[in-house]
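Q: structure here, sequence nowhere to be found:
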């Protein structure tokens, strides 16, 4: 079975993880994460839920005046409100660079086409309703399609070639001129068709037929379990499951995190039914504690029951990184990769934690995740930050304790297997 998986499944998963467009989507989202994190904390500053959002805002208004939310609101306008615009620019830049095409020119063009596709307000202002999280799927499609069109045209005969001696910047600009023109003409005709014939916009069409159903499906427990299973199944064979699954985590579940944040910004309760349960912050805070496999629990189990110097040394060396959810030293040092003795707990722990966390939140025992945080935020701190409530910390402590109990018997089994191998080699 293992041989068949290594021969047929793992190479396919590796190729998927290295697929050019998926890598560009992953890198595109990663590039804008600083603004997402800063915007999240700005919203938290305006809507801190202790003792309640209303009580907190009343307290702050008494100190700083009625306009105290303007400070965080300005930061939100420069981050969450234009997230789709930033993402389409970032993805197109990375995709163009992977082809060896002018990344800056492609990014500029993708912003231009995204604006053309976006609805305007009655006073000719760009509608922020579609430049934030609601426009993310159009941003993805726009970045990929426009970059591919530009790549084909800029490498064709439809370019202006400048003589030698002309500055490089000028040469690049004129080389992009005709591809820019052709793409904008074509897209303008398409936009006229959407507005005059279909009486709608691309944003509204995609949101209605693709984004809303997909986000609804991703918010289910089966979808969350599939994501968790694939992540850890790939990791077991030495493939970076987190990176391979990143386009889904960033494109779908980060979108859900952003939507939750915007709902809280609009006054929704952190326990409200309108907020999604499964978000990127959900996985980061309650499942991937210490990294994939809840390896912080594995380290705790090592410190509790491990007797061999190898395990204890790896545990000590890996603990500082695992505290910030960096677990490569543990993955390859224990090792977990291709270690049949630890396959069951490595897969079982995150699956059980996903189920428990889902029901704890859906039944109202734990607040929903309303703030996007860096994935390196240490557990306990992250539990409070993502939910703005102590229930998040309690759930993390419970999950860590349960995962540690799951790992303990398998650490003992793994040690015995290791000792047997050492005896056979001596």
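A: Received the coordinates, thanks. This is a predicted model, so every value here is computed, not measured.

Q: what comes up buried for the helix or strand where residue 116 lies?
A: In this structure, residue 116 sits in helix 103-117 according to DSSP states H and E. Across helix 103-117, burial judged by 16 or more other Cβ atoms under 10 Å covers 103, 105, 106, 107, 108, 109, 110, 111, 112, 113, 114, 117. (Each C-beta comes from the backbone N, C-alpha and C, glycine too.)

Q: what does stretch 223-231 give?
A: 223, 224, 225, 227, 228, 231.

Q: so the fourth one is in contact with residue 251, correct?
A: No: look at residue 227 against residue 251 with Cβ atoms under 8 Å: they stay out of range, at 12.0 Å.

Q: could you give the mean pLDDT of stretch 411-426?
A: When pLDDT is averaged along stretch 411-426, the result is 70.

Q: follow-up on the earlier one: now intersect the buried residues of stretch 223-231 with the helices, please.
A: Judged by DSSP state H, these include 223, 224, 225, 227, 228, 231 as members of helices.

Q: show me what contacts the last one?
A: Each residue near residue 231 by Cβ atoms under 8 Å, 6 or more residues apart in numbering is listed here: 241, 242, 244, 245, 292, 350.

Q: leaving out chain neighbours, which residue sits closest to it?
A: Excluding its sequence neighbours, the residue lying closest to residue 231 (Cβ to Cβ, 6 or more residues apart in numbering) is residue 241, at 4.0 Å.

Q: the one you found - how many residues pack around it?
A: Neighbour count of residue 241, defined by other Cβ atoms under 10 Å: 23.

Q: ok, residue 166 next?
A: Other residues close to residue 166 by other Cβ under 10 Å number 11.

Q: the one 4 residues further on now?
A: In terms of burial, residue 170 registers 10 neighbours under the definition other Cβ under 10 Å.

Q: shaky segments in the stretch 301-426 of the chain?
A: Residue ranges of the stretch 301-426 of the chain with pLDDT under 70: 417-426.

Q: what of the stretch 101-250 of the chain?
A: Using pLDDT under 70, the stretch 101-250 of the chain drops low at 210-212, 214-216, 238-240, 243-244, 247.

Q: show me where it has helices.
A: Taking DSSP state H, counting those that start in this stretch as the criterion, the stretch 101-250 of the chain contains helices spanning 103-117, 136-154, 168-196, 202-206, 212-218, 221-236, 241-244, 246-248.

Q: now those helices in a markdown table, with distance to residue 333?
A: Below are those laid out as a markdown table (distance: least, Cβ to Cβ, whole Å):
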| stretch | distance to residue 333 |
| --- | --- |
| helix 103-117 | 37 |
| helix 136-154 | 37 |
| helix 168-196 | 47 |
| helix 202-206 | 45 |
| helix 212-218 | 33 |
| helix 221-236 | 14 |
| helix 241-244 | 17 |
| helix 246-248 | 23 |
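
Q: might one say that residue 35 is in contact with residue 81?
A: No: under the criterion of Cβ under 8 Å, residue 35 makes no contact with residue 81, lying 10.5 Å away.

Q: list the contacts of residue 393.
A: Residues counted as contacts of residue 393 (Cβ under 8 Å, 6+ apart) are 380, 383, 384.

Q: just the element for it, please.
A: Going by DSSP H and E, residue 393 is part of helix 390-425.

Q: go through that helix and flag the buried ones.
A: Residues of helix 390-425 classed as buried by neighbour count (16+ other Cβ under 10 Å): 391-393, 395-396, 398-400, 402-404, 406-408, 410-411, 414-415, 418.

Q: do the same with stretch 264-280
A: Residues of stretch 264-280 classed as buried: 264, 265, 268, 269, 270, 271, 275, 276, 277, 278, 279, 280 (neighbour count, 16+ other Cβ under 10 Å).
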